[in-house]
Structure formats: structure tokens, C-alpha cells
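> Just to be clear, the model below is a prediction. Sequence and coordinates:
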Amino acid sequence: MRTIALALAFAALPYLALAENDTAYKALRIFGKKLGDAQLNRVVEVRGRAGAPQPQVWKITASDSSARGGLVEADIQRGKIISQRAPTSRGATGAPLDLNQLNLDSDGAFTVANQEMEKSNVPFDRIDFVLRSSSEGRAPVWRLELFDGPHGKIATFDISADTGTLLDKSIGQPRNAPDPYADDRAYVGRGDQPPPSDNRDYATSGGYSRSGEKFRGVGDFFHRLGKRMERRGTELKRFFGGD
């Protein structure tokens with residue numbers, strides 16, 4: 001019995017690792033610890049792509065008059081900075097984030113967007129995050145863009161990072177559109193990743209997908225994962241039981 005339990009635990013490790021992706025808060029703490037409080041106070045943008053629900057990599061951009069192009073960027077993954085650069089062309093610009101008004105982390109922003117998508121019964125499988133301030137002294141705003149497989153972008157949300165208030169939303173049905181993630185491997189250097197986790201019940205909203213089909217959303221992914229582990233457990237039990 002112990003051998004079966006250990007085998008199941010090891011089989012689940014790649015999926016449990018999904019929960020280890022950093023939130024934006026943690027990425028900012030790592031950035032400040034490495035580059036200092038002065039640089040942290042000059043952050044103008046926090047960006048993450050292909051969140052499932054959290055991105056594998058957060059890209060933090062800060063203004064720096066001593067750097068070429070006037071900016072420094074750092075990519076942060078799993079608790080450490082994996083790359084750092086001073087881009088020659090000017091990218092993200094705007095007012096520095098007022099971190100004293102940053103009360104909603106990226107996981108909270110995901111929850112707000114996910115609840116709205118559940119109300120509309122529209123599935124999605126990945127999400128882009130951008131955190132910016134519109135002007136000096138204003139609270140930062142989360143811009144979330146949600147995608148559904150090959151259909152492209154299907155929803156956009158603007159959420160106050162101060163109060164968690166939904167400022168604006170746009171939700172549409174999936175449509176045929178170019179996949180904006182064709183160059184994601186170059187962007188994060190880590191390739192694709194599985195869909196996010198939520199509690200959506202697909203048994204009552206169109207059924208689960210079958211093996212070989214694309215996931216219909218977050219709950220669908222974990223349903224198929226559970227079935228896979230259940231079958232694996234049965235195989236191991238038969239093997240060790242001599243059936």
C-alpha cells in the first residue's frame with residue numbers, strides 16, 4: 001500500500017508544481033530585494049503571459065535614467081531573477097506604481113475575472129496580466145486579457161489594484177482569430193503550460209472533453225487529470241496485488 005501511495009504521489013508532482021508559480025507580489029519582493037528599494041519605487045509595469053492561473057515568468061520594468069533606453073527589465077521565475085537587461089528601445093512607459101495602493105495581488109485579480117467568466121459561461125485556458133498606473137498618484141490597474149485556445153482573445157478586464165473593483169469588462173464568444181502565442185517560447189523561454197485551476201463544473205455545462213480533445217477550461221483539465229491518476233492507481237494496485 002505504501003508503494004502505491006508513493007507512486008501516485010510522484011505521478012502527481014508535475015501537476016502539483018503548477019501551484020508554485022509566483023504571484024506578482026512575490027515577484028516584486030524578489031525584484032526589490034535584488035535591485036533595491038530605490039529601483040522598486042521606479043517600477044512602471046509588471047507583466048505576465050500565459051497564466052494558468054499564474055504565469056511562469058513575470059517581467060518587471062522600471063525606469064532608470066542611467067540605463068540605455070532609460071529602462072531596466074528583469075524576468076522572475078520561481079523565486080529568482082532568471083534574466084536582467086537594459087533594452088535599447090523604449091518599451092513600457094508611464095507613472096511609477098504606487099505600491100502603497102497595491103492591495104490586490106495577481107491571484108485576486110484572476111479570481112475576479114474567473115467569477116465574471118463563470119457568470120457568462122464562457123471557458124478560457126490562459127490569461128495575460130499587465131499592471132500599470134494611469135498617472136502619478138493614481139492607484140495601479142490590472143489589465144487582464146483571457147484567451148481560449150485557437151479562438152484567440154475572448155475577454156478583457158480592467159480591475160483596480162487598490163479596491164478590487166471591476167472598472168471595465170468585455171466578454172465575447174470564442175471566434176476564429178490568429179493565435180497571439182505563436183512566439184511565447186521566445187517570450188518566456190519555457191514553452192507552453194497547462195490550463196489554470198478553478199472549480200467550474202463541466203459535467204453540468206456541456207460535458208467534459210475526451211482524451212485527444214483540447215481542454216474546455218480549468219475544471220475540465222483537473223477532471224481529466226483525476227481520471228488519469230485513478231486509472232494509474234488501478235494499474236498499480238493490480239500489479240502489486242498480483243491481479
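Alright, I've got the coordinates.

> any idea which helix or strand carries the residue nearest to residue 59 when sequence neighbours are not counted?
Ranked by C-beta to C-beta, 6 or more residues apart in numbering and with sequence neighbours excluded, the top spatial neighbour of residue 59 is residue 47, at 4.6 Å. (C-beta placed from N, C-alpha, C; glycine too.) Element membership for residue 47 (DSSP states H and E) is strand 43-51.

> Quick check: mean pLDDT of the following helix or strand past that strand?
Per DSSP H and E, the first helix or strand lying C-terminal to strand 43-51 is strand 58-63. Across strand 58-63, pLDDT averages out at 95.

> Can you tell me the strand partners of strand 58-63 and which way each runs?
strand 43-51 (antiparallel), strand 71-77 (antiparallel) (DSSP bridges).

> Quick one: neighbours of the closest residue to residue 170 other than its chain neighbours, just the number.
Counting by C-beta to C-beta, 6+ apart, residue 156 is the residue found nearest to residue 170 once chain neighbours are left out, at 4.7 Å. A count of neighbours around residue 156, defined by other C-beta atoms under 10 Å, yields 16.

> Who does residue 156 form a beta bridge with?
Where residue 156 sits in a bridge, its partners, by DSSP bridges, are residue 145, residue 170.

> was I right about it contacting residue 130?
No: Residue 156 lies out of contact with residue 130 (C-beta atoms under 8 Å); the separation is 10.6 Å.

> list residues touching both of the two?
143, 144, 145 (C-beta atoms under 8 Å, 6 or more residues apart in numbering).

> Going by neighbour count, which of these comes out on top?
Neighbour count (other C-beta under 10 Å) singles out residue 144 as the most crowded of the shared contacts of residue 156 and residue 130, with 23 neighbours.

> Give me the distance between that residue and residue 46.
Look at residue 144 and residue 46: by C-beta to C-beta, to the nearest Å, they are 12 Å apart.

> shared neighbours of those two, which are they?
Common neighbours of residue 144 and residue 46 (C-beta under 8 Å, 6+ apart) are 129, 130.

> Helices along the protein, start to end?
2-16, 24-35, 37-40, 106-120, 184-188, 218-241 (DSSP state H).

> Residue 77 - how many residues pack around it?
Neighbours of residue 77 using other C-beta under 10 Å come to 19.

> So it sits against residue 57, correct?
Yes: Residue 77 is in contact with residue 57 according to C-beta under 8 Å; the separation is 4.8 Å.

> So what touches stretch 164-175?
103-104, 108, 112, 116-117, 120, 122, 141, 148-149, 151-152, 154-160.

> Just the buried residues of those residues.
104, 108, 112, 116-117, 122, 141, 148-149, 151-152, 154-157, 159-160 (16 or more other C-beta atoms under 10 Å).

> Would you format the strands paired with strand 58-63 as JSON lines with distance to residue 86 and mean pLDDT included?
JSON lines is the format used below for the strands paired with strand 58-63 (distance: least, C-beta to C-beta, whole Å; pLDDT from 0 to 100):
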{"stretch": "strand 43-51", "distance to residue 86": "14", "mean pLDDT": "96"}
{"stretch": "strand 71-77", "distance to residue 86": "5", "mean pLDDT": "95"}
